[in-house]
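Undergrad: just to be clear, the model below is a prediction. Sequence and coordinates:
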Amino acid sequence: MKKSKKPIGIVDGKFYPCPNSPNCVSTQATIEKHKIDPIQYTGSLSEAKDNIIQLIRSLKRSKIITDKENYIHVEFRTALFKFVDDVEFLFDDSEKNIHFRSRARLGYSDMGVNRKRMDTIRDKFNNF
């Protein structure tokens with residue numbers, strides 16, 4: 001029996017909520033342990049999106065799965081065990097925010113990997 005994929009995508013303008021496990025962060029989370037600040041941008045949505053795509057392509061073991069007008073889904077694989085983390089970006093041009101959700105597909109704890117990755121992406125984006 002094939003394991004089902006964890007929910008990915010946008011429902012009513014929001015990401016699926018993080019599970020109770022500590023292997024997920026989201027800018028839309030209401031629970032403190034999962035909450036993380038969005039990436040802010042100036043300029044146009046297309047410029048911000050182009051910068052995120054360029055940044056993602058510069059990171060090792062990343063693969064863009066979905067690229068829509070204001071939404072991107074990326075898979076990141078860990079180096080050693082090849083575990084997959086799903087990262088989603090949602091662009092809110094009215095607020096000039098890039099919301100994101102990063103979650104390990106398997107396991108319970110990710111040892112803070114998803115939070116570290118997203119902090120790194122935010123830092124790199126801000127220094128673009």
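TA: In hand now; what should we look at?

Undergrad: gap between the residue nearest to the spatial centre of the chain and Leu106?
TA: Closest to where the C-alpha atoms of the chain average out (CA atoms, centre = their mean) is Val87, at 3.1 Å. For Val87, the distance to Leu106 equals 15 Å [CB to CB, to the nearest Å]. In this view, the C-beta of every residue, glycine as well, is placed from N, C-alpha and C.

Undergrad: okay, now stretch 82-102: how far is its last residue from its first?
TA: Length of stretch 82-102, first residue to last, CA to CA, to the nearest Å: 16 Å.

Undergrad: actually stretch 80-94, not the one I wrote
TA: Using CA to CA, first and last residues of stretch 80-94 are 40 Å apart.

Undergrad: same question, stretch 87-107
TA: Length of stretch 87-107, first residue to last, CA to CA: 16 Å.

Undergrad: buried stuff in that stretch?
TA: Buried residues in stretch 87-107, counting neighbours by 16 or more other CB atoms under 10 Å, are found at 87-91, 96-104.

Undergrad: circling back to that earlier point, average pLDDT for whichever strand or helix holds the residue nearest to the centre of the chain?
TA: Taking DSSP states H and E as the criterion, Val87 maps to strand 84-92. For strand 84-92, mean pLDDT rounds to 97.
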